[in-house]
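1. Mind folding the following:
(chains A and B)
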Protein chains: 2
Amino acid sequence: MPSYTAPTKDMQFVLHDLLKISESDIPGYSDLEADFTSAVLEEAGKITSEVLAPLNVVGDTEGCVLENGVVRTPTGFKEAFDQVREGGWTGLDMPEDFGGQGLPYVVATATGEMFSAANQAFTMYQGLTHGAASAILAHGSDEQKNTYLPNMVSCEWTGTMNLTEPHCGTDLGLMRTKAVPQGDGSYKISGQKIFISAGEHEMSSNIIHLVLAKIPGGPDGIKGVSLFIVPKFMVNEDGTPGARNGVSCGKIEEKMGIHGNSTCVMNYDEATGFLLGEEHKGMRAMFTMMNEARIGVGMQGLAQAEAAYQNALIYAKDRLQGRDVTGVKNPDGPADPLIVHPDIRRNLMDQKSFIEGARAFMLWGAMMIDRSHRLGDKDADGLISLLTPVVKGFLTDEGYQATVQAQQVYGGHGYIEEWGMSQFTRDARIAMIYEGANGVQALDLVGRKLAQDGGKHVMAFFDLVKNFIKDNSENEALKADFLEPLKQASKDLQAAGMFFMQNGMKNPNAALSGSYDFMHLFGHVCLGLMWAQMAKAAQEALDAGASDKAFYETKLATGRYYMARRLPATGMHLARINSGADPVMALDADQF
Amino acid sequence: MPSYTAPTKDMQFVLHDLLKISESDIPGYSDLEADFTSAVLEEAGKITSEVLAPLNVVGDTEGCVLENGVVRTPTGFKEAFDQVREGGWTGLDMPEDFGGQGLPYVVATATGEMFSAANQAFTMYQGLTHGAASAILAHGSDEQKNTYLPNMVSCEWTGTMNLTEPHCGTDLGLMRTKAVPQGDGSYKISGQKIFISAGEHEMSSNIIHLVLAKIPGGPDGIKGVSLFIVPKFMVNEDGTPGARNGVSCGKIEEKMGIHGNSTCVMNYDEATGFLLGEEHKGMRAMFTMMNEARIGVGMQGLAQAEAAYQNALIYAKDRLQGRDVTGVKNPDGPADPLIVHPDIRRNLMDQKSFIEGARAFMLWGAMMIDRSHRLGDKDADGLISLLTPVVKGFLTDEGYQATVQAQQVYGGHGYIEEWGMSQFTRDARIAMIYEGANGVQALDLVGRKLAQDGGKHVMAFFDLVKNFIKDNSENEALKADFLEPLKQASKDLQAAGMFFMQNGMKNPNAALSGSYDFMHLFGHVCLGLMWAQMAKAAQEALDAGASDKAFYETKLATGRYYMARRLPATGMHLARINSGADPVMALDADQF
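-> Numbering: from 1, shown residues only, chains lettered A, B, ... in the order given. Okay, here's the model as predicted:
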């Protein structure tokens, strides 16, 4: 059975050597000394590796079962959820007023990676709750906040988000679910929603559904969509769950993975709902959840890659097969371990250099979110808004690919469920799809985010890269291995942006045909920037005589791998982008 | 439920417009007129789409069950197998002397793609049998041939190949299974083999296991391995199955996919076996099966991609979601079909251009095998031997990727088992692993095949590309869109080969660190060459006033896509290769 060990040391490196969080001016960050974050990460590492990771396979094997309207989660999930609640993990970055710990998002992001890595299907129950609570926090009335948040922050009640219907996913304007006003401020919600993660289960005493629906007579399409709070049990005056509302689980979907999470068809049959935010402004409110969810899903890509990589590495060191071509390494054994072989290393280094770069990218992004929320920094907000589709699309695509590579290290054993490597790829696969399929992320990036605020945020990103290169141009340790590849990759990104500007106005398809490649190109430049910055931090630690020399040297070598072996992908993506719309759009639909 | 339609028209194009098979001097090819192959392909198309494809999901859902030593295959498999046998499909390219049809391998390859696409798990029962029969045909005594082949050619009896043991897969020298000579020409085989596809089932009246084992006292390692025929039921003098032999299925593995095939742990307990070929020359005999199997597995990559693509295309035309940014295409509907969106097209064109290029590559390769076997052409033999790891490694990696992309077109529905798209990726995943994991293919390519016969065959490949470009240099229709990209890609391949030559002698790791990228680089150049040749054939057909103009124009447009959008990957692979061993090998094993 696979194991999981939380990468606390690497996280500490990113938080303190790279991001130097405790020196930041963001409110709350001055408390985040290395000792403090270390204590939090170690605790999170313990519960995730000891309690959640062992339940990962159980969840996959047993799945969720619907019987007489009640959903049974896998053995051990309920008890584990109690432990997670008791540890206060569900409200780590939630306001203290509602029972949270009030810690910055950057800390919740680090521990969140661990939870997702140890057990993605399990962690979704609290993840969805967090997203729903955030939406209520941002858009709810004081009464709504007081009614729902304390129990949601503690996960005594869990939450869901209900968007998709059988005939519409991305295109929510086609939605049919109706919300009829009752004159008393409430609405009757009727319709069917599908793919509702954590839609029904027995682990919490209430479930607070956030449901998109249309109020009859409102504007057509997406502009007529409103968001509603629909509790499974109506909340009594004293705050306890009362009568059952008209919402029920019609079916649990059979999925490729994340079997431990109950993905439900939810039927709303004149269920009582309460408007969250304004009428017909449901998408705005939903995007509060959605943006958070997209960052969280990007993290799932990274997390599954980390979990799979750890096990691939153990296997590569353990499994004896063949001999090192440059000379026997394990003369007392019948063969050398897999890890002596160059192609196994290529495989492992592809994973490792992605994972560590992605982790830095995630935590840097989380710091921008804190900067936006806690300091009201509009530039940080614009930058993370630009990068959200990159986090979601790039990290989940590459994260999935990493799990496939990890599985490959096991040879035939990777295909057998018993070894657990198949689950990592099956679970990771969903992250490329939900919260907006990655093609939609690419569209969001190129079609909306690039030009936002007059292109100000993408220019700010380029400046970031340019300034880093300029400020370190005398640094011989970085120059050839880090700065030059970064410069080239960034040039490719700028050239792609230029192509879109010159061609996209005349023909939007010229830009949209390259959107997916642009998302990946952008992702590589982000990770290249992270690696250049991490190399600098590692070099500084070595220069300062850090005791753990091997750690920092490994960091530098891993970074060199990324720059030499992963970053050249930018040239390919640029070539694809530069070929424009013609090759993509040449065929009529019936010529396919 | 997904459907499958055999791509007979595209196959006919490759066989006749591109390869012009009936004009070839290969014995048997003059019979392969377009009318004849069309009749064969249509018949194969019928049985695969009508009988096998509907059983694909059944096989996935039910799997195989072991009860009291007997393996039950999924509902309908036995009856379908009877139909396949009755149709004569199992011995299409087997000698008429043993009940086969004696058709060239190129025809069996075309129909084989259909069988694998319609139902990979099912088709493996006959595929393994074919491989085992080929080994007996090549290495068996006349008595062995007469005893086993007629029933194996008809699939009255099926076959297996037994290599892997729990502790050894790639490194077969570590094998522990023993074969003790009994003095009467027979051996007693004892040991455990794992991952034995079609190892036990009730669809045939006997199973002929080919088993690798060591004769005690023989040479150490791989040089002491011999191959044995071990029938499930001993064969009576009259040729009928007799007493049960000491071989049994200990367990069926739970796998990620191909659930319809029984992947068995096989226990040999003093089972009676008969030497196939010479003592200690088992690997040579096994490679007869293995090379055939590797080509066949490459075909599975293509086949799953085709099946997945067909369904993605249907969905993309059917599912209404969003509007074409350049103007509404379906004004009477609530939204436009997915296929109007550039990123959906990018996705579909990635698949389509790969699939059609791969199909040409497979059939061209099959023609080389016929040239080798039927004409004794050593050059053709050398070239296909060089390209076998490319067929296996590149087509299965890219084929898998194509199934992932096809699944992505479905959004959330792609993750739900009900829609069947998950099965394509789960089934396709094994092809990257079995018959030598793709890393082993890359090692075979760079470590053995490149330098074989003094590098003669890779030079022949380069000449093929060079001559095609030279011969068509005046062809304005091909120049910019096909010849120039092909030239650039081929240059990248040559540069990579040069890097290996200059650095691999001093340090084998410098070459082996780039082996995987080289395999992909080579694959792209092969598909680039195929597309340039197909473009020429399509252009000629158009110039000759072909009635089906749209077909040939589509072919040209699809080729242009490959050249513009897929082929630029060669530059990235070259950059990775040129970075050499340092980034890959920098870390000590304990630094990971």
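2. Going by C-alpha atoms from here, please, whenever you check contacts or count neighbours.
-> Fine.
3. Nearest spatial neighbour of A:Gln423, chain-adjacent residues omitted?
-> The shortest distance from A:Gln423 to any non-neighbouring residue, by Cα to Cα, 6 or more residues apart in numbering or on different chains, is to A:Gly257 (6.8 Å).
4. Can you classify the one you found by secondary structure?
-> Assigned state for A:Gly257: coil (three-state reduction, DSSP: H, G, I helix; E, B strand; the rest coil).
5. I'd say it and A:Gly420 touch.
-> No: under the criterion of Cα atoms under 8 Å, A:Gly257 is not in contact with A:Gly420, lying 11.9 Å apart.
6. Compare those two (neighbour count), which wins?
-> When A:Gly257 and A:Gly420 are compared on other Cα atoms under 10 Å in any protein chain shown, the one with more neighbours turns out to be A:Gly257, at 25 against 22.
7. Output the set of residues of the stretch 51-200 of chain A in proximity to chain B.
-> Where proximity means Cα under 8 Å from any Cα of the partner chain, the interface of the stretch 51-200 of chain A facing chain B comprises A:168-171, A:174, A:195.
8. any idea which of the residues you listed is closest to B:Ile577?
-> The shortest distance between B:Ile577 and any of those, using Cα to Cα, involves A:Thr170 and amounts to 40.2 Å.
9. Just the CA trace of stretch A:139-148, in CSV.
-> What follows is stretch A:139-148, C-alpha atoms only, in CSV (Å, rounded to 0.1, in the frame of the first residue of the first chain):
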residue,chain,number,x,y,z
HIS,A,139,-21.8,37.8,0.0
GLY,A,140,-24.0,36.8,2.8
SER,A,141,-26.0,39.0,5.1
ASP,A,142,-25.0,39.2,8.8
GLU,A,143,-27.8,36.9,9.6
GLN,A,144,-26.8,34.4,7.0
LYS,A,145,-23.2,34.5,8.3
ASN,A,146,-24.3,34.0,11.8
THR,A,147,-26.7,31.2,10.9
TYR,A,148,-24.3,29.1,8.8
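10. Quick check: mean pLDDT of it?
-> Summarised as a single mean, pLDDT over stretch A:139-148 is 98.
11. buried sites along that stretch?
-> A:139-140, A:144-148 (16 or more other Cα atoms under 10 Å in any protein chain shown).
12. what's the neighbour count on whichever residue of the stretch 201-350 of chain A sits closest to chain B?
-> When scored by Cα to the nearest Cα, the stretch 201-350 of chain A has A:Lys255 as its residue closest to chain B, at 4.4 Å. Neighbour count for A:Lys255, taken as other Cα under 10 Å: 23.
13. where does the nearest residue to A:Leu338 once chain neighbours are set aside land on pLDDT?
-> Spatially, and ignoring its direct neighbours in sequence, A:Leu338 is nearest to A:Ala316 (4.8 Å; Cα to Cα, 6+ apart). You'll see A:Ala316 listed with a pLDDT of 98.
14. residues in contact with A:Ala316?
-> Contact analysis of A:Ala316 by Cα atoms under 8 Å, 6 or more residues apart in numbering or on different chains lists A:337-339, A:344, A:409-410.
15. can you put those in JSON lines and add neighbour count, pLDDT and secondary structure?
-> Converted to JSON lines, the contacts of A:Ala316 look like this (neighbours: other Cα atoms under 10 Å in any protein chain shown; pLDDT from 0 to 100; DSSP: H, G, I helix; E, B strand; the rest coil):
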{"residue": "A:Pro337", "neighbour count": "21", "pLDDT": "97", "secondary structure": "strand"}
{"residue": "A:Leu338", "neighbour count": "23", "pLDDT": "97", "secondary structure": "helix"}
{"residue": "A:Ile339", "neighbour count": "27", "pLDDT": "98", "secondary structure": "helix"}
{"residue": "A:Ile344", "neighbour count": "23", "pLDDT": "98", "secondary structure": "helix"}
{"residue": "A:Val409", "neighbour count": "28", "pLDDT": "98", "secondary structure": "helix"}
{"residue": "A:Tyr410", "neighbour count": "22", "pLDDT": "98", "secondary structure": "coil"}
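16. related to what we said a few turns ago, now do the contacts for the residue nearest to A:Gln423.
-> A:Gly257 sits in contact with A:60, A:423, A:426-427, A:429-430, B:415, where contact means Cα under 8 Å, 6+ apart.
17. try it again with 7 Å
-> Counting by Cα atoms under 7 Å, 6 or more residues apart in numbering or on different chains, A:Gly257 touches A:423, A:426-427.
18. domains for chain A, by residue range?
-> For chain A, the structural domains run A:8-139, A:158-280, A:450-582, going by automatic domain parsing.
19. how long is the shortest one end to end?
-> Just to be clear, that refers to domain A:158-280. Domain A:158-280 has an end-to-end distance of 25 Å (criterion: Cα to Cα, to the nearest Å).
20. Report the helix or strand with the lowest average pLDDT across chain A.
-> None of the helices or strands of chain A scores lower by mean pLDDT, DSSP states H and E than helix A:282-318, at a mean of 93.
21. how about that helix: buried residues?
-> Taking 16+ other Cα under 10 Å as the basis for neighbour counts, the residues of helix A:282-318 that come out buried are A:282-286, A:288-313, A:315-317.
22. likewise stretch A:227-242?
-> Applying a neighbour-count criterion of 16+ other Cα under 10 Å, the buried positions in stretch A:227-242 are A:227-235, A:241.
23. how much distance is there from that stretch to the middle of the chain?
-> 30 Å (Cα atoms, centre = their mean, to the nearest Å).
24. go on, stretch A:562-569?
-> Worked out by Cα atoms, centre = their mean, stretch A:562-569 lies 23 Å from the chain centre.
25. which other residues reach it?
-> By Cα under 7 Å, 6+ apart, the list of residues contacting stretch A:562-569 from outside reads A:353, A:481-482, A:485, A:489, A:524, A:528, B:572, B:575-576, B:579.
26. Could you do stretch A:119-126 as well?
-> Counting by Cα under 7 Å, 6+ apart, A:52-53, A:56, A:90, A:115-116, A:155, A:158, A:198, A:258-261 sit against stretch A:119-126.
27. and the spatially closest residue to A:Ser262 that is not a sequence neighbour, how far is that from chain B?
-> Of all residues beyond its chain neighbours, the one nearest A:Ser262 is A:Ala198 (5.0 Å), with distances taken as Cα to Cα, 6+ apart. From A:Ala198 across to chain B, the span is 15 Å (Cα to the nearest Cα, to the nearest Å).
28. A:His139 too?
-> Taking Cα to the nearest Cα as the measure, A:His139 falls 27 Å from chain B.
29. Could you check the pLDDT of the closest residue to that residue other than its chain neighbours?
-> Beyond its immediate neighbours in the sequence, the residue positioned closest to A:His139 (Cα to Cα, 6+ apart) is A:Gly277, lying 5.0 Å away. Confidence at A:Gly277, expressed as pLDDT, is 96.
30. Now do the strands in chain A.
-> Remark: strands assigned in chain A by DSSP state E are A:65-67, A:70-72, A:157-162, A:178-181, A:186-197, A:206-214, A:225-231, A:233-235, A:241-244, A:247-252, A:263-275.
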